[in-house]
Structures are given as C-alpha cells and as structure tokens.
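Engineer: This is a predicted model, with the sequence first.
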Amino acid sequence: MRFLSVDEDGPLAKLASPRTSPLPDIQSRIAALLQHFEAGLGVALTVEELCPGGLDPTDGILIAQAFEKAGAQFIIASGGTADFPVLKNRRSTKTQKNSNHAWLASACWLIGRVKIPVFAQGTFEESADIIHQAKVCGLSGLVRI
C-alpha cells in the first residue's frame, strides 16, 4: 500500500497546518500539497490537529476532497499533533462512555464527504467491538500505530 504522508507532524503536515505553514490560506496550502502528490497513491492525513489555531475538520475535509479529486485511492485519517499531546490524548479520558472509540472521530469527519475508502489510524487494542464500531461508522478499516 503506497501513500503520501500528510501526517505525524511531518513536513507536509506542517505545510497543511495554518499554525505552521508559510502559506496564507487553505487554497494555497492545498495547491502546495498537491504538488507532492501522484495519482493512484493513498494519503495519510491529519484531518484535525486538536489544538488552538491548528488545522480544523473543515479544512481537513477540503484537503481530503482535493486529494480525492486528484486521484487518491484512499485516506488514512488521524487527528492531533505532537505539539499538543495533552489535547491529542484528551479523547481518551475516563469520562467518556467508551474511551477506546474516541480516536475514530477525526476519520469520521470524512464519511459521506469523500467517496474513496477511509481508514482510521490510531492507537487501539484490536477487538470485535472496535472493528464493529468502525464498520458502523462507515470506515473501510483500521490502521494501528
């Protein structure tokens, strides 16, 4: 499975983020990202950074749709940034009914907004329950890091 990484705080993720990109707007950032893309690849994408001034789901959706239009075969979606680990990990608090599923949220922003397969990337213990939850959400699968 070949893919372009716009994820894990790499150089392309920094280019996509309004916090760290030298480019002034989302359209400029998308154009710059697409220069690194080759049709037929998948894309590992941080959909939202979960931090003040960071990439939000609206822009994450626009980026995913641009890659889809350019010929992406799938999206491996995640959320958060290493710059703000507390915010990235707050989705796994004990106050949630099932904290094992909270990390799916960033990938779920793309369901119904792109037509290509969407996989959720995160840290999880594989179980029938989490696989079932991913299917119920409409995800094509899970990628464990």
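Structural biologist: Nice, thanks for sending it over.

Engineer: hey, let's count contacts and neighbours off CA atoms from now on
Structural biologist: Will do.

Engineer: what about L23, how many residues close to it?
Structural biologist: L23 is flanked by 15 other residues according to other C-alpha atoms under 10 Å.

Engineer: Can you show me the helices along this structure?
Structural biologist: 11-16, 26-34, 57-69, 85-89, 105-108, 128-137 (DSSP state H).

Engineer: Report all helices and strands that the longest one contacts.
Structural biologist: Right, helix 57-69. Judged by 3 or more C-alpha pairs under 8 Å, 6 or more residues apart in numbering; DSSP states H and E, helix 57-69 is in contact with helix 26-34, strand 42-48.

Engineer: Mind doing that once more with 6 Å?
Structural biologist: Applying 3 or more C-alpha pairs under 6 Å, 6 or more residues apart in numbering; DSSP states H and E, we find helix 57-69 packed against strand 42-48.

Engineer: in the strand it packs on, what counts as buried?
Structural biologist: G42, V43, A44, L45, T46, V47, E48 (16 or more other C-alpha atoms under 10 Å).

Engineer: pLDDT score for the fifth one?
Structural biologist: Model confidence at T46, given as pLDDT, is 95.

Engineer: Then the first one?
Structural biologist: According to the per-residue confidence, G42 scores 98 in pLDDT.

Engineer: what's near enough to touch it?
Structural biologist: Counting by C-alpha atoms under 6 Å, 6 or more residues apart in numbering, G42 touches F3, A72, Q73, F74, I75.
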